[in-house]
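Visitor: sequence plus predicted model, see below.
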Amino acid sequence: DVKVTQSSRYLVKRTGEKVFLECVQDMDHENMFWYRQDPGLGLRLIYFSYDVKMKEKGDIPEGYSVSREKKERFSLILESASTNQTSMYLCASRPTGIRDEQYFGPGTRLTVT
Amino acid sequence: LAKTTQPISMDSYEGQEVNITCSHNNIATNDYITWYQQFPSQGPRFIIQGYKTKVTNEVASLFIPADRKSSTLSLPRVSLSDTAVYYCLVGDLGSSNTGKLIFGQGTTLQVKP
């Protein structure tokens, strides 16, 4: 089975802190994604990466950056956390090909106080 | 990117067939239609994907009319465990790249005993 793991299920940070969210997948997938999920808004794409060291902005990249130094790992960085970044963060991966089956991690619930 | 519209919520009873319709009037020629299911505190899970006509797997069926401006996810004989949020997505998967997909608000299905 494909496994996507995220470094923490719950995280509490203070305003202004730098926050790292790590995601690791074990299926050699080329594509990886970071979403945030908020009540009433569904999932919104923050950034995605289709190869090592490659990244593209999603719909809401402001306040975030990403890093993909290795194929299996995709990191989301909040340079200076703010309270409006309190959310559920979901990582996903998928192979390149005609069938888009994204595999999601369990999510990280981040609270910024 | 094609935008999708689906009902915010639906109720059903155990053993009934449930049909959730999604509108995507601006679907492009290369776009595929994909449905995901999400349980509370979990990441979304792929259910089914199609391009046209009908697709069936062990979980659901997907009906897509000839004009492809809508699609219907059909869940046969639902049980309480089918209570979840269902997302309809439309996007171009691309031949070698990721193909960005947009998650909408989804349809919250409540199955009652």
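Guide: Right, received. Where do you want to start?
Visitor: now find how far off-centre the lowest-mean-pLDDT helix or strand in chain B is within its chain.
Guide: Lowest mean confidence among the helices and strands of chain B (mean pLDDT, DSSP states H and E): strand B:84-92, at a mean of 88. Relative to the chain's own centre, strand B:84-92 is displaced by 5 Å; criterion: C-alpha atoms, centre = their mean, to the nearest Å.
Visitor: partner strands of it, parallel or antiparallel?
Guide: Partner strands and pairing direction for strand B:84-92 (DSSP bridges) are strand B:31-38 (antiparallel), strand B:107-112 (antiparallel).
Visitor: chain neighbours aside, what residue packs nearest to residue B:5?
Guide: Spatially, and ignoring its direct neighbours in sequence, residue B:5 is nearest to residue B:23 (4.4 Å; C-beta to C-beta, 6 or more residues apart in numbering or on different chains). C-betas here are computed from N, CA, C, even on glycine.
Visitor: low-confidence ranges in chain A?
Guide: Along chain A, segments meeting pLDDT under 70 span A:1-2, A:98-100.
Visitor: just the pLDDT at the residue most central in space within chain B, thanks.
Guide: Centroid-nearest residue in chain B: residue B:35, 3.2 Å away (criterion: C-alpha atoms, centre = their mean). With respect to pLDDT, residue B:35 has a value of 93.
Visitor: same question for the one 4 residues further on.
Guide: Predicted confidence (pLDDT) for residue B:39: 93.
Visitor: also the one 10 residues further on?
Guide: According to the prediction, residue B:49 has pLDDT 91.
Visitor: most tightly packed of the strands paired with strand B:84-92?
Guide: Comparing the strands paired with strand B:84-92 by mean neighbour count (mean count of other C-beta atoms under 10 Å in any protein chain shown), strand B:31-38 ranks first with a mean of 23.
Visitor: give me the residues contacting that strand.
Guide: Strand B:31-38 is contacted by residues A:100, A:102, B:2, B:22, B:24, B:27, B:44-51, B:60, B:62, B:64, B:68, B:71, B:73, B:84-93, B:101, B:103, B:106 when judged by C-beta atoms under 8 Å, 6 or more residues apart in numbering or on different chains.
Visitor: what about residue A:53, which helix or strand?
Guide: According to DSSP states H and E, residue A:53 maps onto no helix or strand at all.
Visitor: the nearest residue to it once chain neighbours are set aside in helix, strand or coil?
Guide: Closest residue to residue A:53 apart from its sequence neighbours, by C-beta to C-beta, 6+ apart: residue A:68 at 6.1 Å. Assigned by DSSP: H, G, I helix; E, B strand; the rest coil, the conformation of residue A:68 is strand.
Visitor: find the closest residue to chain B in chain A.
Guide: Closest to chain B within chain A is residue A:104: 2.7 Å, counting by C-beta to the nearest C-beta.
Visitor: now do the same end-to-end measure for stretch A:27-36.
Guide: 23 Å (C-alpha to C-alpha, to the nearest Å).
Visitor: please apply the same query to stretch B:71-83.
Guide: 20 Å.
Visitor: can you list contacts of it?
Guide: Defining contact as C-beta under 8 Å, 6+ apart, one finds that stretch B:71-83 is touched by B:12, B:14-22, B:24, B:33, B:35, B:47-48, B:50, B:59-65, B:86, B:88, B:109-111, B:113.
Visitor: are any of those residues buried, and which?
Guide: Among these, those classed as buried by 16 or more other C-beta atoms under 10 Å in any protein chain shown are B:12, B:18, B:20-22, B:24, B:33, B:35, B:47-48, B:50, B:60-64, B:86, B:88, B:109, B:111.
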